[in-house]
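*Asks:* When you get a sec, could you give me coordinates for this:
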Amino acid sequence: MKKADILVVILIVALFSPFFLSESLYHCYQNVNTSHGMYMSFIKFALLATLGEVLGLRISTGCYYRPGFGLVPRMVVWGLLGMGINMAMIIFSKGVPQFLAYLGMSHAPSVMSGDLCLDKVVVAFAISIIMNTIFAPIFMTLHKITDTHILQCGGTLKSLFTPIPMGKIIRELNWDVQWNFVFKKTIPLFWFPAHTITFLLPTEMRVLFAALLGIVLGVLLAVAARKK
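*Replies:* Down below sits the predicted model:
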């Protein structure tokens, strides 16, 4: 293990340990998250998903940073994407149970607020499948486009103010990797079960769990972006 690896481990422990060691700090976090959910989504994903990309860079190249990586632009983009993820989770967690009720499972909206049972697992799984089938491919493709744009701008802040050449980047995307790895493998094999667990958790716990998944998401997409 390199010195940089030890420093990163210390940073991660320092980032998460206060929430487990201090009950008052955790309650404070919950209150702020409840009152300012969208702002907190920006901060969480800006920090944690970018950390995931840094870890992905370490896995694929052996280093945590390289010229042109664009740490700050990535944090800004991830923050904005995190707000979109929060929005999607709210929409699908409320909308899918209503849709299931429309199909005949009349107790679907109320079962999510009850104790753990088979019906609750079924509804949570349905939320995860529908959200990840409809929203995830668009989100992951958008992330790939912004990631490519940042790299093409040399990782500078210019990338945040330069119009994205959407058509050009879309045509040049590695759709083989995007389809066969990102869509066909990570979505059904990881995100379906992972977000099922997310929606089974109490509402106040979902935010923290989603933040942890943000690190995993960053690692998966970063590795996919550099997959040969």
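*Asks:* The helix or strand harbouring F16 - contacts with which helices or strands?
*Replies:* Here F16, judged by DSSP states H and E, is contained in helix 3-21. If you count contacts as 3 or more CB pairs under 8 Å, 6 or more residues apart in numbering; DSSP states H and E, helix 3-21 packs onto helix 23-35, helix 37-61. C-beta coordinates here come from the backbone N, C-alpha and C atoms, glycine included.
*Asks:* out of those, nearest to T148?
*Replies:* Proximity to T148, assessed across the helices and strands packed on helix 3-21 by CB to CB, is greatest for helix 37-61 (13.3 Å).
*Asks:* what does that closest one rub up against?
*Replies:* Applying CB atoms under 8 Å, 6 or more residues apart in numbering, the contact partners of helix 37-61 are 5, 8, 12, 15, 32-33, 63-66, 69, 71, 74-76, 78-83, 85-87, 207, 210-212, 214-223, 225-226.
*Asks:* Return the set of buried residues in the longest helix along the chain.
*Replies:* The residue-count maximum for a helix in the chain (DSSP state H) belongs to helix 71-103. For helix 71-103, a neighbour-count test (16 or more other CB atoms under 10 Å) marks 72-79, 81-86, 88-89, 92-93, 96-97, 100 as buried.
*Asks:* now do stretch 147-165
*Replies:* Quick answer for stretch 147-165 (16+ other CB under 10 Å): D147, T148, H149, I150, L151, Q152, C153, G155, S159, I164.
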